[in-house]
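>>> Below is the sequence, then the predicted model.
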Amino acid sequence: MIDRAIPAVLLLATLGLAGPPDHRQDGLHGVDALLRVYDEILDARFDQARADLPHACGPAPHEACDVLAATATWWRILLDPQDRALDEQFSTEVDRAIASNEAWAAREPDSAEAHFYTGAAYAARVQWRVLRDEKLSAARDGKRIKQALERAIALDPDLEDAHFGIGLYEYYADIAPATAKVLRFLLMLPGGNRTEGLSQMRRARSEGKLMRGEADYQLQIIYLWYERRPDIAVQLLASLRDRFPGNPLFRAQLADVEDRYQHDITASLATWRELLADARDQRVQEPALAEAEAHLGAARQLEALYQTDDALEQLRAVIEARPARPYGALAAAYLAFGEGEDRLGHRDAATAAYRLAAESLPAPQPDPQNIRQRAADRLRRAPDPVHAEGYRLSLEGFRMLQRADATGAEPLLARSVMLDPKDPVARYRYGRALQARQDHTDALEQFEIVISRARECPGPIAASAYLEAARLHERLAHRDRAIDYYSAASTWFGGAADTRASARRALSRLRARK
């Protein structure tokens, strides 16, 4: 998953600072029609938005429609940000929007609306420039945005959508890294106020008319990256997903946050699977792109759960489809496929996949994920064959356990633990096999070893080891130890939701017996 969030340099690129008001005007014209189009854009219904845009330009100024035309292309770029195929179209559209709105502002210098849309046009371009690492150009655009929004607010202090831009500037200008502050100094932009900026953004999100969806998207970046509140970011992304179910971006970003920031592998896997089902049933826009991305995302989570066989099935689907989008998907699938085959000890299959990964991005194509170098590194270094055999036996034993064949699973898992005694997942699976065969003492020993290495273990496995050990301690009448372990299972960071719920129920039951 490619992170599509806009970095802190956006502080120069989003926005302005309010000046004292002169006199007031009546907000934005035709905003309801524009909002319908904006909602279509956020739902990734770009063709429908293009068709409806001319009808919105009647009650709304045609210059505003120029901004939304560029905005539609920008959101198309966000679906596949490493693909530059739309860059020329976007550049043409956004330059047209800037020119038409600057001309409008020159004709009607007392129109707050004209200055607002001028700032909005520059804001669309600045995000693209940040994405393409054009920091100085983005900073220059940021100064123009500041001037435009400052004038709009001066003319109409109640223009809440413009206040959102002010809040963004205030926030980013305060928390910016030193490099961005140098740019701010060179361009003579004022400093900001983090608290005030966040307050203005929240207010604009509640009271603004046109920018509410965009506000949620920008706020989830802030809460994720700077406020260190991934829980709020998840809430905002979930809200965007529910309000705009056709846009695969929000589902993909939600799965990414659940994985990388909350370390909730099972939740992330469930979200990727939901996106995959929606893509297959054509319930999202750009279904082929969404399906490829969902397969890749699900494969990552399955690999993190030590379920390489299922991960390889996800990757085979991508390889067979040979998708043109998202950019680099086929090469990424080949690379991950090689890594999975290596993990299972299938070196020849892995080598072939690594070579195909490099060939799928022939020079001079850009390689933002560094796939060529990563494939070359893996070709040079073969994994430990003993550990690979241990991993393969662990997976085979796990599948037997799932088929309720503990008798067949136990010797395979015992051999796996012998080959790689430091593998906590193999030990957990071995404990489950022993537990299924009523060998509770030896099972508990395995779970205790896993618990001693819990920080090296995938979150769902570690939490489940605590839960199973707690059950065995309870069975042995070790009440205090059982409570301690149920408590750990109920709160373990990255533990599966059903594991945490089971542990909470057990805790309530045990504590009620006092």
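It's in. If you're wondering where the values come from, they're calculated on a predicted model, not measured in any experiment. Numbering: from 1, shown residues only.
>>> Is A477 in a helix, a strand, or coil?
Three-state assignment for A477 (DSSP: H, G, I helix; E, B strand; the rest coil): coil.
>>> now the spatially most central residue of the chain: how far from A105?
Geometric centre of the chain, nearest residue: Q253, 2.6 Å, by C-alpha atoms, centre = their mean. Distance of Q253 to A105, computed by C-beta to C-beta, to the nearest Å: 34 Å. To be clear about C-beta, it is placed using only N, CA and C from the backbone, and glycine gets the same treatment.
>>> just to revisit the earlier point, for the nearest residue to the residue nearest to the centre of the chain once chain neighbours are set aside, pull up the helix or strand it's in.
Spatial nearest neighbour of Q253, chain neighbours left out: L237 (5.7 Å); criterion: C-beta to C-beta, 6 or more residues apart in numbering. Counting by DSSP states H and E, the element that carries L237 is helix 230-243.
>>> Enumerate the positions of that helix that are buried.
Within helix 230-243, the residues scored as buried using 16 or more other C-beta atoms under 10 Å are 230, 233-234, 236-238, 240-241.
>>> Quick one: mean pLDDT over that helix.
Taken as a whole, helix 230-243 carries a mean pLDDT of 96.
>>> Over to stretch 246-262?
Rounded mean pLDDT across stretch 246-262 is 96.
>>> Give the buried residues for it.
246-259, 261-262.
>>> quick one: low-confidence ranges for this structure?
Scanning the chain for pLDDT under 70 picks out 1-26, 176-191, 514.
>>> 50 instead, please
The chain contains residues with pLDDT under 50 at 1-3, 5-25, 178-179, 181-188.
>>> thinking again about what came up before, go through the buried residues of helix 230-243 and say which is closest to I41.
Nearest to I41 among these is L240, at 12.6 Å by C-beta to C-beta.
>>> Contact partners for the residue nearest to the closest one when sequence neighbours are not counted?
Closest residue to L240 apart from its sequence neighbours, by C-beta to C-beta, 6+ apart: F250 at 4.3 Å. Contacts of F250 were listed using C-beta atoms under 8 Å, 6 or more residues apart in numbering, and they are 237, 240-241, 244.
>>> if you go through the stretch 301-450 of the chain in chain order, where are the helices?
Using DSSP state H, counting those that start in this stretch, the helices of the stretch 301-450 of the chain run over 308-321, 329-343, 347-359, 371-380, 385-402, 406-419, 424-436, 440-452.
>>> looking at the ones you listed, which is closest to A64?
For those, the distance to A64 is smallest for helix 329-343, at 35.6 Å, taking C-beta to C-beta.
>>> Summarise which helices and strands that closest one is packed against.
The contact analysis (3 or more C-beta pairs under 8 Å, 6 or more residues apart in numbering; DSSP states H and E) places helix 329-343 against helix 287-304, helix 308-321, helix 347-359, helix 371-380, helix 385-402.
>>> what about 6 Å?
The elements that helix 329-343 packs onto, with contact taken as 3 or more C-beta pairs under 6 Å, 6 or more residues apart in numbering; DSSP states H and E, are helix 308-321, helix 347-359, helix 371-380.
>>> want to throw these into TSV with distance to G167 and mean neighbour count?
Output for these, formatted as TSV (distance: least, C-beta to C-beta, whole Å; neighbours: other C-beta atoms under 10 Å):
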stretch	distance to G167	mean neighbour count
helix 308-321	41	19
helix 347-359	44	18
helix 371-380	39	16
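>>> how about CSV for those helices, with distance to S416 added?
Converted to CSV, the helices and strands packed on helix 329-343 look like this (distance: least, C-beta to C-beta, whole Å):
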stretch, distance to S416
helix 308-321, 14
helix 347-359, 19
helix 371-380, 23
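>>> mind checking which of the ones you listed is nearest H478?
The minimum distance between H478 and those falls on helix 308-321, with 35.8 Å, by C-beta to C-beta.
>>> Return the distance of that closest one from the chain's centre.
Relative to the centre of its chain, helix 308-321 is centred 21 Å away, using C-alpha atoms, centre = their mean, to the nearest Å.
>>> got the phi/psi numbers for Q282?
phi 60, psi 30 (degrees, to the nearest 10).
>>> Next, count neighbours for it.
Neighbour count for Q282, taken as other C-beta atoms under 10 Å: 9.
>>> Hmm, E468 is touching E448, no?
No: E468 lies out of contact with E448 (C-beta atoms under 6 Å); the separation is 10.5 Å.
>>> So these two - more neighbours on which side?
Legend: neighbour count by other C-beta under 10 Å for E468 and E448, higher for E468 (23 against 16).
>>> got a list of what the closest residue to that one other than its chain neighbours touches?
Of all residues not flanking E468 in the chain, F447 sits nearest, at 5.4 Å (C-beta to C-beta, 6+ apart). By C-beta atoms under 6 Å, 6 or more residues apart in numbering, the contact list for F447 reads 431, 465, 468-469.
>>> Tell me the buried residues in stretch 471-483?
Residues 471-474, 478, 482-483 are the ones in stretch 471-483 that count as buried (16+ other C-beta under 10 Å).
>>> which residues are in contact with it?
By C-beta under 6 Å, 6+ apart, stretch 471-483 touches 440, 444, 470, 510.
>>> distance of N193 from A497?
N193 is 39 Å from A497, by C-beta to C-beta.
>>> all helices for the stretch 101-250 of the chain, in order.
Using DSSP H, counting those that start in this stretch, helices in the stretch 101-250 of the chain cover 112-131, 135-155, 160-175, 178-186, 194-207, 212-225, 230-243, 248-260.
>>> Using TSV, lay out those helices together with distance to Q307.
Conversion of those to TSV gives the following (distance: least, C-beta to C-beta, whole Å):
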stretch	distance to Q307
helix 112-131	34
helix 135-155	41
helix 160-175	40
helix 178-186	42
helix 194-207	40
helix 212-225	28
helix 230-243	24
helix 248-260	15
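>>> For A69, find the nearest of the ones you listed.
Comparing the helices of the stretch 101-250 of the chain against A69 with C-beta to C-beta, the closest turns out to be helix 112-131 (9.8 Å).
>>> quick one: the closest one to chain centroid distance?
25 Å.
>>> So which other helices or strands are in contact with that helix?
Counting contacts by 3+ C-beta pairs under 6 Å, 6+ apart, helix 112-131 packs against helix 10-13, helix 62-79, helix 87-107, helix 135-155.
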